[in-house]
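*Asks:* Can you look at this prediction? I've put the sequence above it.
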Amino acid sequence: MKSALIFPILIPVLTAAACLLSGPNRTVQRAISMTGAALLFLAGIWLLREVHTAGIIVVQLGNWPAPFGITLVADYLAAVMVAVSGFVGFAVAIFALADVDAGRERFGFHPLYHVLLMGVCGAFLTGDLFNLFVWIEVMLMASFVLLALGGERAQIEGAVKYLTLNFIASGLFLTAIGIIYGATGTLNIADLAVRLRDESTAVPLAAAMLLLGAFGIKAGLFPLFFWLPASYHTPPVAVSAVFAGLLTKVGVYALIRVFTLIFTGMPEITHPLLIWLSVLTMITGVLGAAAQYEIRRVLSFHIISQIGYMTLGLGFFTVAAIGASVFYIIHHIIVKTNLFLIAGAIRYARGTNELKQLGGLYRDYPWLGVLFLIPALSLGGVPPLSGFFAKLALITAGLSLAQWVAVTVALAVGLLTLFSMTKIWAEAFWKAEPADAPPHPKKAVPVLMLIPICTMATVTVLIGIFPSVLLDFSNAAAAQIMNPQLYIDAVLRPTP
Amino acid sequence: MDSLLLRTAARIIVPVQLLWSVYLLVRGHNEPGGGFIGGLLAAGAIILHGIANGMPAARQLLRVRPQTLIGLGIAAAGLSGVIPMLAGLPYLTGVWGFGFPTLVAGTLKFGSPLLFDVAVYLVVTGVGTLLIFAAAEDGEEG
């Protein structure tokens, strides 16, 4: 059924509207928000199933045929991104019940959260470059407010940096759209693929570089990533967890879309460039993390280094490598969101995320230590967790292309990631609590925080035990991506 | 601001402006106008009332919270796209029902695009008044 494609956008918008209409009553808003998040998760699963049975699904909004109208497209990649976003959105919504204070809820946390999810899902599902811009703006506007909501000094400082860099990215994106529209007269991605795929002239190259700049900033690629660690540790944990899991992935997703569908006519320029940017991103991210002593800042820098792995697969540009990227994205969304949630649980228990003031957590909360180790070791790539298979697939793909430098860096960065994770473990959990630690009563971590943390840890372990399920899926998605004719035919030659 | 001139003028301008905003809304599908500009005019009328008689009076004139208008508008916009889906058409396809003649604006035709325009009108009115209320009352939440 084609309408499966509409619901991941329709559900969050109606949830946001219902939250606004329900008035300031906290309990009602929470109930609506939870229902909406659960429905979105189910809609994501449904969409994934439909794509699995029926192939690429296309809806022409308003019944105007492509390339004139607005197209929504779901292939494997888009559908799985929506499904994972629904999962993360639901999990973090549960966590937020215990984490977000009444003041923020009164000023509209719940509607904004759903607008954010709508922007994310819309960006994954759109088949039109200008609509991609619009969805990313929807997502950014909600994220600006969520970031600044509460008005703490650090929050506003982080929000200003975040806002400035993202505005520059939006400007680049819009410039690229202008150039492309001027040169081709269309912005439908499938139609652009037909017109620009084999072009190697200056205009598509200029547009490709502008888009690389725009999506690179949004994904957190080297060298314009510094907005991310400057802002992600300031808002409530639920907000930074959903940012960490989803927002940069929209940038990566957009990069994968345009550099596999549209700008493939100049592989000798674009793909080595992507590889080198990825390598530098991995190195700077992981070195930046080594210098940090605040848990969420450490984790923020690790987002950047991990983004490098995802775009590295795109740079390799083989089915196996892009499959590895898809696997990596899915694994990383779950693991990174979970690590931020655990940082939130630590902050709840001890009132701080500064490693220097933490200690002795293992004695007071041994199970929290175990729950931390699962995503932390997975992030570092320790077998048999999900991260090991993600790295293994990527490195195998790199070796078969004889990309020695990139493979060496990927391995070394994995080791340094492990170093950072053991640093958090040793400082927060293992060492004795320092004398100057802020006073805190010993309190149990709320169940509402533990449910999402445990669920995501379970998923991480399950991916590790049954990697072939996700690996087969990622490779099917990659095969679909690397055969753009499928996408083009689905959009431009619709079967009634 | 306390000004007899402004209050007297507002008493005449506000109703005319509100009526004009609805006129712009309904003629907007095929001619200049539409939900956005209509909503701006409506918000402007309410704010004019607020400048002349104080923001509490403007809130009273609006009767509902601006947030409610925004929520209603967003919901209506989302649902206006669902109507064609009931007929098996793609999301947001325009479906038209019956039309009836009006004296000033030609034939008024009911359909899902009209509902969408009304939704835009509500959202713009809500956002416009919310922003000015917040600025005028120095950030106090109502």
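*Replies:* Thanks, I have it. Numbers count the residues shown, from 1 in each chain, chains lettered A, B, ... in the order given.
*Asks:* check contacts around the closest residue to B:Ala42 other than its chain neighbours.
*Replies:* Distances taken as CB to CB, 6 or more residues apart in numbering or on different chains place B:Ser21 nearest to B:Ala42, at 4.2 Å, with adjacent residues excluded. Glycine gets a C-beta too; all of them are placed from N, C-alpha and C. Contacts for B:Ser21 (CB atoms under 8 Å, 6 or more residues apart in numbering or on different chains) come out as B:38-42, B:45, B:121.
*Asks:* Now the helix or strand hosting B:Ser21: average pLDDT?
*Replies:* If you go by DSSP states H and E, B:Ser21 is part of helix B:4-27. For helix B:4-27, the mean per-residue pLDDT is 93.
*Asks:* After the helix or strand hosting A:Gly36, which helix or strand is next? Please name it.
*Replies:* Using DSSP H and E, A:Gly36 sits in helix A:26-54. From helix A:26-54 onward toward the C-terminus, using DSSP H and E, the following helix or strand is strand A:57-61.
*Asks:* neighbouring strands for that following strand, and are they parallel or not?
*Replies:* Strand A:57-61 has its sheet partners listed here by DSSP bridges as strand A:70-74 (antiparallel).
*Asks:* Would you mind confirming that A:Leu379 is in contact with A:Leu339?
*Replies:* Yes - using CB atoms under 8 Å, A:Leu379 makes contact with A:Leu339 at a distance of 6.9 Å.
*Asks:* For chain B, which residues are neighbours of chain A?
*Replies:* For chain B, the contact set with chain A under CB under 8 Å from any CB of the partner chain comprises B:65, B:67-68, B:70-75, B:77-79, B:81-82, B:84-85, B:89-94, B:141.
*Asks:* What are the buried residues along stretch B:61-77?
*Replies:* B:62, B:65-77 (16 or more other CB atoms under 10 Å in any protein chain shown).
*Asks:* Can you tell me which of these end up in strands?
*Replies:* Using DSSP state E, the subset of these located in strands is empty.
*Asks:* Quick one: low-confidence residue ranges for the stretch 351-496 of chain A.
*Replies:* A:494-496 (pLDDT under 70).
*Asks:* Now do the contacts for A:Leu42.
*Replies:* Per CB under 8 Å, 6+ apart, neighbours of A:Leu42: A:Gly86.
*Asks:* er, B:Pro113 actually
*Replies:* By CB under 8 Å, 6+ apart, B:Pro113 lies in contact with B:29, B:80, B:94, B:96.
*Asks:* The first one - that's part of a helix, no?
*Replies:* What it means is B:His29. No - under DSSP: H, G, I helix; E, B strand; the rest coil, B:His29 sits outside any helix and is assigned coil.
*Asks:* Test my guess that it contacts B:Phe116.
*Replies:* No - using CB under 8 Å, B:His29 is not in contact with B:Phe116; the gap is 9.6 Å.
*Asks:* I'd like the average pLDDT over the helix or strand that contains A:Ala241.
*Replies:* A:Ala241 belongs to helix A:237-242 when assigned by DSSP H and E. The pLDDT scores in helix A:237-242 average 93.
*Asks:* Summarise which helices and strands it is packed against.
*Replies:* helix A:76-99, helix A:319-350 (3 or more CB pairs under 8 Å, 6 or more residues apart in numbering or on different chains; DSSP states H and E).
*Asks:* Could you tell me how far A:Phe340 is located from chain B?
*Replies:* Distance, A:Phe340 to chain B, using CB to the nearest CB, to the nearest Å: 29 Å.
*Asks:* ok, the residue lying closest to that residue once chain neighbours are set aside - contacts?
*Replies:* Among residues not flanking A:Phe340 along the chain, A:Ala241 sits closest, at 3.7 Å (CB to CB, 6+ apart). Neighbour list for A:Ala241: A:92, A:95, A:337, A:340-341, A:344 [criterion: CB under 8 Å, 6+ apart].
*Asks:* Go again with 10 Å.
*Replies:* A:88, A:91-92, A:95-96, A:99, A:232, A:235, A:296, A:299, A:336-344, A:452 (CB atoms under 10 Å, 6 or more residues apart in numbering or on different chains).
*Asks:* Equivalent analysis for B:Gly50, please.
*Replies:* Taking CB under 10 Å, 6+ apart as the test, what B:Gly50 contacts is B:1, B:10, B:14, B:56-62, B:129, B:132-133, B:136-137.
*Asks:* Show me where chain B dips below the pLDDT cut-off.
*Replies:* B:1, B:103-105, B:138-142.
*Asks:* Taking it, what residue is nearest to chain A?
*Replies:* Across chain B, no residue is closer to chain A than B:Gly71, which sits at 3.0 Å (CB to the nearest CB).
*Asks:* most distant residue from the middle of chain A?
*Replies:* The C-alpha centroid of chain A is most remote from A:Ala435, which lies 38.3 Å away (CA atoms, centre = their mean).
*Asks:* can you give me phi and psi for it?
*Replies:* Main-chain dihedrals, A:Ala435, degrees, to the nearest 10: phi -70, psi -30.
*Asks:* residues from the stretch 101-250 of chain A in reach of chain B?
*Replies:* A:103, A:106-108, A:111, A:115, A:118, A:151 (CB under 10 Å from any CB of the partner chain).
*Asks:* Now distance to A:Ala207 too, for the residues you listed, in CSV please.
*Replies:* Formatted as CSV, these follow (distance: CB to CB, whole Å):
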residue, distance to A:Ala207
A:Gly103, 44
A:Arg106, 44
A:Phe107, 40
A:Gly108, 37
A:Pro111, 35
A:Val115, 29
A:Met118, 27
A:Gly151, 39
